[in-house]
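Engineer: just to be clear, the model below is a prediction. Sequence and coordinates:
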Amino acid sequence: MRLDVFTLFPDAFTWFSQQPHVARARELGVALNLWDYRVHTPLRHGQVDDAPYGGGAGMVLRIDVICAALEGVFGGDAVDVRLARRVVELTPRGRQLDDALATELATGDLCVLCGRYEGIDERVAQLVTDRVSIGPYVLSGGEIAAQALLDAVVRKIDGAVSNPESVAADSFSPGLGGACEYPHYTRPAEFRGWPVPAVLLSGDHAAVERWRRERLGSGEPPPHQD
Ligand code: ADE
């Protein structure tokens, strides 16, 4: 499997690519490639963007730059890149990322296009299979969104997370019926008068299971236990 990320800021992915689950995925043969649009730009002085037609604020990443980057990395025609892999543009106008989409994207090679400034020229639609948003708010660029998406995708790769049970029981996974995970506690059993629910200290596994099941799907703070 290969993950190809196109960005103006490859350094933004340094911390992410060193995370244990990402490092483990790489040991398992997953290639994480970071490509800088500027390296492939056909324009002079590393130009990658231009003013929007029709006027308005900000700059737009040029479609010829995107095509040149895809062709420089994959060879052939940029429109054919999506025949062999999912090609995802990160954009606030895309389909909202969820667990099902992360699972889908983890099944094969994946190419991710990060926008910056006002985004990528709309004709990028000719090149992508998916347009994905990580939520209804605007970030300054696609890099943080790409890392959120890639993190969720890498967690789905068999063996990437050392304890598979933790992925199977992740919030929103089919293992939890799409619900949020139950709340977790650890030592100390009491802190500042904030107790851990007594049932978790009881050693009664059936009661613990019941308590956890009852709390699936709740993002609310748990009620204080007496
Ligand atoms: N780029 C800027 N904002 C974004 C968002 N919310 N999701 C994905 N890409 C983005």
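Structural biologist: Noted; the coordinates are in hand.
Engineer: switch to C-alpha atoms for all contacts and neighbour counts from now on
Structural biologist: Noted.
Engineer: lowest confidence element among the helices and strands of this structure?
Structural biologist: Lowest mean confidence among the helices and strands of the chain (mean pLDDT, DSSP states H and E): helix 164-168, at a mean of 84.
Engineer: could you point out which element follows that helix?
Structural biologist: Sequence order places strand 190-191 as the next helix or strand after helix 164-168, per DSSP states H and E.
Engineer: got the contact list for the strand ranked longest in the chain?
Structural biologist: Counting residues, the longest strand in the chain under DSSP state E turns out to be strand 86-96. Strand 86-96 has contacts (CA atoms under 8 Å, 6 or more residues apart in numbering) with 81, 105, 108-115, 119, 127-138, 142, 145-146.
Engineer: show me which positions of that strand end up buried.
Structural biologist: Using 16 or more other CA atoms under 10 Å as the test for burial, strand 86-96 gives 86-92, 94.
Engineer: and if you look at stretch 177-191?
Structural biologist: 178-182.
Engineer: and the residues you listed as CSV, adding pLDDT?
Structural biologist: Formatted as CSV, the buried residues of stretch 177-191 follow (pLDDT from 0 to 100):
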residue, pLDDT
Gly178, 86
Ala179, 89
Cys180, 91
Glu181, 90
Tyr182, 93
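Engineer: of those residues, which is the nearest to Leu3?
Structural biologist: Leu3 lies nearest to Gly178 out of those, by CA to CA, at 26.2 Å.
Engineer: how about that closest one: what's its closest non-neighbour residue?
Structural biologist: Phe172 (3.8 Å; CA to CA, 6 or more residues apart in numbering).
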